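Engineer: structure for this input, please:
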Amino acid sequence: MKIEQIYTGCLAQGAYYIESNGEAAIIDPLREVQPYLDRAEEDGATIKYVLETHFHADFVSGHLDLAKKTGATIVYGPNAKTGFEAHIATDGEVLKLGSLTIKVLHTPGHTMESTCYLLLDENGKENAVFTGDTLFIGDVGRPDLAQKSDMTMADLAGHLFDSLRNKLMTLPDEVTVYPAHGAGSACGKNMSKETVSTIGAQKATNYALRSDMTKAEFVFEVTDGLLAPPKYFPENVRLNKEGYTSFDEVMKRGAQALSPRAFEEAVNATGALMLDVRTEGEFHQGFIPNSIFIGLGGQFAPWVGALVADVNQPLALIVPEGQAEEAITRLSRVGFDNVVGYLEGGIAAWKAAGMEVDTIESITADEFKAAVEQYGPDHVLDVRKPSEFAAEHIKDVETVPLDFINDYMGDLDRQKKYFVHCAGGYRSMIAASILKARGFENVVDVKGGFKAINESGKFEMTDYVCPNALKKQKAKEVGV
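Structural biologist: Take a look at the predicted model:
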């Protein structure tokens with residue numbers, strides 16, 4: 001018996017490979033399926049099942065391509081309705097994999113089709129449970145993504161309470177827990193950096209599994225403090241339910257090297273958004289006017305999904321040498337399949353062709369102190385998350401979380417000079433590039449972010465957030 005967690009950091013996502021006696025199963029695969037094919041070939045195994053824990057919202061699964069390439073059966077739990085051939089399992093159904101047994105545990109709550117897969121070893125002993133987005137390490141799945149006219153967030157949370165207590169918490173304490181996500185995913189709010197645990201450890205430490213917790217307390221605690229989900233989530237759910245273009249076709253279409261002139265023509269002809277995926281340091285020194293920075297070095301794909309409203313938006317890429325395929329792959333994971341090509345030779349080729357280049361000023365924490373004294377704190381935009389801002393921030397500055405920056409455009413003054421900071425510099429450069437592209441000419445990035453600002457010791461800090469700011473932020477979060 002082999003169990004391998006295949007973890008992808010930028011999505012904080014865990015897929016799983018299980019093998020026994022030449023048969024393999026893949027749980028919650030990512031869009032690009034070649035690594036799973038290679039892994040099975042290494043073992044001389046045939047992939048028999050593609051097990052899906054639910055219709056994922058935060059990434060496009062590789063179930064269709066994997067089934068097409070291997071003949072494997074796609075399996076979902078009860079209530080799932082697909083636009084393609086799949087086996088819809090019943091609660092308690094047993095699947096055989098070599099000498100192993102996989103038991104289907106229907107665990108509605110995160111979504112109504114959410115299902116966990118309990119693995120029994122060769123002797124029939126309960127060994128591990130693959131919990132999808134039902135149970136995380138330190139948290140449980142958010143219950144607001146599958147709301148419908150007849151199903152509220154509280155209703156879903158109630159189902160989740162029952163699923164956890166009647167299905168998962170009854171398992172032996174030594175059963176290993178393998179979740180679909182870890183810290184950094186938007187599918188929960190309190191996930192641990194650990195990616196593996198046990199049922200016993202979670203019963204002892206997970207706030208949502210307290211033995212004395214009532215259903216009403218659970219519903220309140222699980223739903224309290226949830227931010228609005230990223231806007232690309234519904235489209236990813238649709239693609240996972242109905243189907244999508246094969247990854248091979250997406251890569252073939254997108255991996256087109258374009259000369260500077262051809263790149264410019266493609267942008268003009270298609271209305272493509274120019275997406276620069278280099279580092280923030282490289283971007284601020286010189287970039288194509290109106291391009292947006294979202295660097296591959298951070299949580300690239302989730303930020304693209306959060307900030308680009310339409311997954312069908314054509315994209316033209318500015319990438320470091322040799323990283324075009326990586327960028328296209330990571331975009332496809334969140335459903336952004338419409339890449340029209342990338343700039344051959346990068347920004348150096350653009351400059352050599354005599355094309356226009358823009359820059360963003362970047363200043364140190366010491367220079368930032370002088371700027372605040374000159375312009376005032378109302379010229380500072382803190383683009384960290386609301387929880388980061390609430391924990392500590394520069395007194396009297398504005399909170400404009402990057403997640404919701406598009407909603408704040410009407411509140412900002414294009415004639416003003418803005419100094420933008422995040423925690424370390426990645427998100428602030430994203431924000432600065434968006435502001436620049438929207439006609440804010442006087443935008444300055446604060447190098448090193450809040451960490452450098454705080455370490456300078458030059459600023460008065462506070463954790464106080466005025467009621468009006470909180471009210472305004474809540475309105476942004478719920479889309480008011």
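Engineer: from here on, contacts and neighbour counts on C-alpha atoms
Structural biologist: Fine.
Engineer: what about Y178, neighbour count?
Structural biologist: Using other CA atoms under 10 Å, Y178 has 26 other residues around it.
Engineer: A390 touches V465, doesn't it?
Structural biologist: Yes. A390 lies in contact with V465 (CA atoms under 8 Å); the separation is 6.4 Å.
Engineer: in terms of neighbours, single out the busier of the two.
Structural biologist: Neighbours were counted for A390 and for V465 using other CA under 10 Å; V465 has more, 18 against 15.
Engineer: how about the helices in the stretch 1-150 of the chain?
Structural biologist: 34-43, 63-70 (DSSP state H, counting those that start in this stretch).
Engineer: in the longest one, what counts as buried?
Structural biologist: By that I understand helix 34-43. 36-37, 40 (16 or more other CA atoms under 10 Å).
Engineer: run the angle between it and helix 63-70 for me.
Structural biologist: 40 degrees (axes from the mean of the first three to the mean of the last three CA atoms, to 10 degrees).
Engineer: please enumerate residues in contact with helix 34-43?
Structural biologist: By CA atoms under 8 Å, 6 or more residues apart in numbering, the residues outside helix 34-43 that reach it are 17, 22, 24, 26, 46-47.
Engineer: what mean pLDDT does it get?
Structural biologist: Mean per-residue pLDDT for helix 34-43: 97.
Engineer: circling back: may I see the helices of the stretch 1-150 of the chain organised as TSV, with distance to C187 added?
Structural biologist: Output for the helices of the stretch 1-150 of the chain, formatted as TSV (distance: least, CA to CA, whole Å):
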stretch	distance to C187
helix 34-43	24
helix 63-70	20
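Engineer: of all those helices, which one is nearest K447?
Structural biologist: Across these, K447 has its closest neighbour in helix 34-43 (37.7 Å, CA to CA).
Engineer: that closest one: how far from the chain's middle?
Structural biologist: How far helix 34-43 lies from its chain's middle: 25 Å, per CA atoms, centre = their mean, to the nearest Å.
Engineer: circling back: and of the buried residues of helix 34-43, the nearest to F293?
Structural biologist: Nearest to F293 among these is Y36, at 31.4 Å by CA to CA.
Engineer: for V277, see how far away the residue most central in space within the chain is.
Structural biologist: Central residue of the chain (CA atoms, centre = their mean): P302, 3.8 Å from the mean position. Separation of P302 from V277 (CA to CA, to the nearest Å): 13 Å.
Engineer: check M461 too.
Structural biologist: Relative to V277, and taking CA to CA, M461 is found at 33 Å.
Engineer: can you give me the domain boundaries for this structure?
Structural biologist: Listed by automatic domain parsing, the domain ranges of the chain are 2-234, 245-352, 361-477.
Engineer: circling back to that earlier point, between M461 and V277, which one's more packed in?
Structural biologist: More crowded of M461 and V277, by other CA under 10 Å: V277, with 23 against 13.
Engineer: report pLDDT for the closest residue in space to that one that isn't next to it in sequence.
Structural biologist: Of all residues not flanking V277 in the chain, G295 sits nearest, at 4.1 Å (CA to CA, 6 or more residues apart in numbering). pLDDT recorded at G295 is 97.
Engineer: let me see the contact set for G295.
Structural biologist: In this structure, G295 makes contact with 276-280, 426, judged by CA under 8 Å, 6+ apart.
Engineer: backbone dihedrals for the residue nearest to the centre of the chain, please?
Structural biologist: The phi/psi pair for P302 (degrees, to the nearest 10) reads phi -60, psi -40.
Engineer: same question, E85
Structural biologist: phi -70, psi 130.
Engineer: count the residues that sit near the nearest residue to it once chain neighbours are set aside.
Structural biologist: Excluding its sequence neighbours, the residue lying closest to E85 (CA to CA, 6+ apart) is I74, at 7.6 Å. By other CA under 10 Å, 22 other residues sit near I74.
Engineer: contact partners for I74?
Structural biologist: By CA under 8 Å, 6+ apart, the contact set of I74 is 49-52, 63-64, 67, 85-87.
Engineer: N206: which of the residues you listed is nearest?
Structural biologist: E52 (24.2 Å).
Engineer: ok, that closest one to A228 distance?
Structural biologist: From E52 to A228 the distance is 25 Å (CA to CA).
Engineer: and what of D121?
Structural biologist: D121 is 40 Å from A228, by CA to CA.
Engineer: what segments of the stretch 51-200 of the chain are strands?
Structural biologist: Along the stretch 51-200 of the chain, the stretches classed as strands by DSSP state E, counting those that start in this stretch are 73-76, 87-88, 94-97, 100-106, 115-120, 126-132, 176-179, 197-198.
Engineer: Y244 is nearest to which of those?
Structural biologist: strand 73-76 (15.1 Å).
Engineer: and the closest one, what's its mean pLDDT?
Structural biologist: Strand 73-76 comes out at a mean pLDDT of 98.
Engineer: now swap in stretch 451-459 and tell me
Structural biologist: Computed over stretch 451-459, the average pLDDT equals 94.
Engineer: just stretch 388-400 next, same as before
Structural biologist: 93.
Engineer: now do the end-to-end distance for it.
Structural biologist: First residue to last in stretch 388-400 (CA to CA) measures 12 Å.
Engineer: now that stretch: how far from the chain's centre is it?
Structural biologist: 24 Å.
Engineer: what comes up buried for that stretch?
Structural biologist: Counting neighbours by 16+ other CA under 10 Å, stretch 388-400 gives 389, 393-394, 396-400 as buried.
Engineer: save these as TSV, and put in distance to G341 and secondary structure too.
Structural biologist: As requested, the buried residues of stretch 388-400 are exported to TSV (distance: CA to CA, whole Å; DSSP: H, G, I helix; E, B strand; the rest coil):
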residue	distance to G341	secondary structure
F389	38	helix
H393	41	strand
I394	42	strand
D396	44	coil
V397	40	coil
E398	38	strand
T399	36	strand
V400	32	coil
